[in-house]
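Q: One predicted model, sequence on top.
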Amino acid sequence: MSAAPQVPLVALRGLTVAYGDDALALSAIDLDIRAGERLALIGESGSGKSTLALAVAGLLPASAKSAGTIVWGGAPPLGGRDIGFVFQNPAGSLDPVMAVGRQVAEVARTHLGLSWTDALARARDLFGRVGLPDPDTLVHAYPHQLSGGQKQRVTIAAAIAARPKLLIADEATSALDTIVQAEIVALIRRLVAEDGMTLLFVSHDIALAAELADRIAVLRNGKLLELGSTRQVIGRPQDPYTQSLVVAHISLDSPPLFAATTDIPVNG
């Protein structure tokens, strides 16, 4: 007897989003996000990948006009509890006049019903999990006292503080240097595995996506051009745009997976 088809964590059907009278940011997107998977959204600036992430999280601005459906496989999620969101600019995600430990504790207190004592203890534990040094001291630090990489680790701690089912990382490494990028990608991979979260990883960098994702979705001009397993999309991309992205990233510094892609056909 064949296994029953897996019910997606969230299913997008005909998702279309526009901002004002401008061109569509997303055009009739059909996409399933499977429970427990690591799905990467790849595309250049303006491709619609961040708009898609915001739509899934219920964070589209009031000015956005949307059509289509977003259907969750279980009960509708609560933002902040069931969905954790890591933004591109960690400094913009943190309150500059509040200690970072208190900011993470506030998430745990609000969504898990913890006392302040227990919430602060959870913040210290999370700071240790995300690799911040001396958590007992750092919970009392303010954002301006931290490096860019440390700030992003704090925002990741805040994003997972309420034990979400889905973690969305929207260009979470693009503001960091190359070495710190690799550290943050490794951190996200580990946390997702340890907590059994589903990951939606948004990036313009297909090399980072290849390191992290089970599947890759390629967007351009608001349209979904290609979707498949990482090995399929990287090894034998079907769309000319995806082919150009892969070829542009083949180098000695690229992940090992790229070594097998030298026979990729490129139109033009």
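A: That came through, no problem.
Q: In PDB, list the C-alpha atoms belonging to the helix or strand where Ala210 lies.
A: For Ala210, the element it lies in under DSSP states H and E is helix 206-212. Output in PDB follows, covering the C-alpha atoms of helix 206-212 (Å, rounded to 0.1, in the frame of the first residue of the first chain):
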ATOM      1  CA  ILE A 206      22.500  30.300  -4.500                       C
ATOM      2  CA  ALA A 207      25.800  29.000  -3.000                       C
ATOM      3  CA  LEU A 208      24.500  29.600   0.500                       C
ATOM      4  CA  ALA A 209      21.200  27.900  -0.400                       C
ATOM      5  CA  ALA A 210      23.000  24.900  -1.700                       C
ATOM      6  CA  GLU A 211      24.700  24.500   1.600                       C
ATOM      7  CA  LEU A 212      21.500  24.700   3.600                       C
END
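Q: quick one: low-confidence parts of the chain?
A: 1-6, 250-268 (pLDDT under 70).
Q: longest single helix anywhere in this structure?
A: helix 178-195 (DSSP state H).
Q: mind listing what's buried in stretch 91-106?
A: Using 16 or more other C-beta atoms under 10 Å as the test for burial, stretch 91-106 gives 93-94, 99-106. Where you see a C-beta, it was placed from the backbone N, CA and C, and this is true even at glycine.
Q: Run through the neighbouring helices and strands of the particular helix or strand that has Val71 in it.
A: Applying DSSP H and E as the criterion places Val71 in strand 64-72. Applying 3 or more C-beta pairs under 8 Å, 6 or more residues apart in numbering; DSSP states H and E, one finds that strand 64-72 makes contact with strand 10-19, strand 24-33, helix 49-57.
Q: Neighbouring strands - and their directions - for the first one?
A: In its sheet, strand 10-19 lies beside strand 24-33 (antiparallel), strand 64-72 (antiparallel), with partners assigned from DSSP bridges.
Q: could you give the angle of the first one to helix 49-57?
A: Per axes from the mean of the first three to the mean of the last three C-alpha atoms, to 10 degrees, the angle that strand 24-33 makes with helix 49-57 is 60 degrees.
Q: Please apply the same query to the shortest one.
A: In this structure, strand 64-72 runs at an angle of 60 degrees to helix 49-57, with the same axes, to 10 degrees as the basis.
Q: Could you list the alpha-carbon positions for strand 64-72 in CSV?
A: Output in CSV follows, covering the C-alpha atoms of strand 64-72 (Å, rounded to 0.1, in the frame of the first residue of the first chain):
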residue,chain,number,x,y,z
ALA,A,64,-0.2,45.6,-0.3
LYS,A,65,-3.0,44.1,-2.4
SER,A,66,-3.1,40.4,-2.4
ALA,A,67,-5.1,37.6,-4.0
GLY,A,68,-5.0,33.8,-3.8
THR,A,69,-4.8,31.7,-0.7
ILE,A,70,-2.4,30.7,2.0
VAL,A,71,-3.6,27.5,3.7
TRP,A,72,-2.0,26.0,6.8
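Q: Span of stretch 235-244 from start to end?
A: End-to-end distance of stretch 235-244 (C-alpha to C-alpha, to the nearest Å): 12 Å.
Q: May I see the buried residues of that stretch?
A: Judged by neighbour count using 16+ other C-beta under 10 Å, the buried positions of stretch 235-244 are 235-237, 241-243.
Q: which ones among those are found in helices?
A: Going by DSSP H, the helices hold 235, 241-243 from these.
Q: Adding mean neighbour count and distance to Pro164, write the helices and strands packed on strand 64-72 out as CSV.
A: Converted to CSV, those look like this (neighbours: other C-beta atoms under 10 Å; distance: least, C-beta to C-beta, whole Å):
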stretch, mean neighbour count, distance to Pro164
strand 10-19, 18, 13
strand 24-33, 19, 13
helix 49-57, 23, 10
